[in-house]
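Fold the following, please.
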Amino acid sequence: MTVSVANRRPPLNCPVCNERLALTRLTCPACDTELSGGFATCEFCVLSNDDREVLRVFLASRGNMKELERHLGVSYPTARARFDALLGKIGIDRPAGAPAPTRVELMEQVARGEIDIDEALKRLDSN
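Numbering: from 1, shown residues only. Purely as a prediction, here's the structure:
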């Protein structure tokens, strides 16, 4: 199976020590010019392709959660949980007073691969 360059995603963490990798080199594919130094990364780069699609649909529907629910083919609570998980990945916590995800919602997120078991346990402990 061949993966196109457009679909390849760089690793986020070091394979040796698991710390966040720094962006230090940019290359022009047309002329092979290279720039090196310290560059800021995009906060959306941590999102999977599926998460980016969820974000696109949410933005295109002007924040209509029912439209997101229809697009995903899931219940409203599941769509909401998925969107909340996406926000968490980019560092936006749920608003004060918003209900914490239920155990079932966390299990659904684990089953879909949106979060791992350790993250689910951490979220359960923080509730």
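
contact partners of the longest helix along the chain?
Longest helix of the chain, by residue count under DSSP state H: helix 76-89. Helix 76-89 is contacted by residues 46-47, 51, 54-55, 58, 65-66, 68-69, 72, 74, 93-94, 101, 105, 108-109, 112, 114-115 when judged by Cβ atoms under 8 Å, 6 or more residues apart in numbering. C-beta: built from backbone N, CA, C; applies to glycine.

Filter the residues you listed down to the buried ones and hand me the PyMOL line.
In PyMOL, selecting the buried portion of the contacts of helix 76-89, with burial taken from 16 or more other Cβ atoms under 10 Å, looks like this:
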select buried, resi 47+51+54+55+58+68+69+72+74+101+105+108+109+114+115
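
Of all the residues in the longest helix of the chain, which ones are buried?
By neighbour count with 16+ other Cβ under 10 Å, helix 76-89 contains the buried residues 78, 79, 80, 81, 82, 83, 84, 85, 86, 88, 89.

repeat for stretch 36-54
Applying a neighbour-count criterion of 16+ other Cβ under 10 Å, one finds 47, 51, 54 buried in stretch 36-54.

Equivalent analysis for stretch 102-111, please.
The neighbour-count criterion (16+ other Cβ under 10 Å) identifies 105, 106, 108, 109, 110 as the buried residues of stretch 102-111.
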